[in-house]
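Peer 1: my questions are about this predicted structure, shown below with the sequence.
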Amino acid sequence: MSRTLLLLLPALVLQAQDPVIPGAMEVRPGVFVLRGAPDDQTCAAIKKQHITHVIDLRRDGEANLNCESESVRMQEMGVQYLRYALSKTPPAGDFDFLRAILRDLPRGAKVLLHCNNGNRAAAAICPWLVLDKGMPLEEALRIAKLAGLQLPETDAAVRGYIGSRLKA
């Protein structure tokens, strides 16, 4: 076996493992980004993983939007549910608000953010990773893209926001 392949094996093994929450990526310990709305399988995993907070970033008129039902279901599981409609090009105030929510979570809290396809949920996490957790921008963007950040205009909004806060 080649030395290069041996060096890659641990990464390949980690990628082959089943996700802790189906359809979600853990971007930091206890912080998950889900592509899509929680279904029965996701809810079972949320309960099993002791997720304490779910942040729903979908906007009115999106597919599978049944916030009242999702809110009730999360409350029945003992999970705090917050809906905060986020556009694909979030303004600075939205990033500020979501960073504050993530910063102010109680110690030991586990949070799952979701939208319809992961784009906005991954975008919401990126500034927090850079500005509050000290992650280098390119690493945070790489993680956000793996988690679902895909639209160029959303990427530009994230970069613009982070750039403006780093200059301040």
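Peer 2: Thanks, I have the structure now.

Peer 1: for the residue most central in space within the chain, which non-adjacent residue is spatially closest?
Peer 2: The chain has Val33 as the residue nearest its centroid, 2.8 Å off, counting by Cα atoms, centre = their mean. The shortest distance from Val33 to any non-neighbouring residue, by Cβ to Cβ, 6 or more residues apart in numbering, is to Ala147 (4.0 Å). Any C-beta I mention is one placed from the backbone N, CA and C, and that applies to glycine too.

Peer 1: what do you get for Phe97?
Peer 2: Once flanking residues are discounted, Phe97 sits nearest to Tyr84: 7.0 Å by Cβ to Cβ, 6+ apart.

Peer 1: pretty sure the one you found sits against Arg58.
Peer 2: No: in this structure, Tyr84 is not within contact of Arg58 by Cβ atoms under 8 Å, at 9.4 Å.

Peer 1: list the buried residues in stretch 121-138.
Peer 2: Buried residues in stretch 121-138, defined by neighbour count with 16 or more other Cβ atoms under 10 Å: 121-131, 135, 137.

Peer 1: how about stretch 143-161?
Peer 2: Buried, per 16+ other Cβ under 10 Å, within stretch 143-161: 143-144, 147-150, 154-155, 157-158, 161.

Peer 1: now do stretch 49-57
Peer 2: 49, 51-57.

Peer 1: what of stretch 88-102?
Peer 2: Buried residues in stretch 88-102, counting neighbours by 16+ other Cβ under 10 Å, are found at 89-90, 94-95, 98-99, 101-102.

Peer 1: now swap in stretch 30-47 and tell me
Peer 2: Going by neighbour count (16+ other Cβ under 10 Å), the buried part of stretch 30-47 is 30-38, 42-43, 45-46.

Peer 1: stretch 105-120 now?
Peer 2: 110-120.

Peer 1: in helices, which of those residues fall?
Peer 2: Within the buried residues of stretch 105-120, residues falling in helices by DSSP state H are 119-120.
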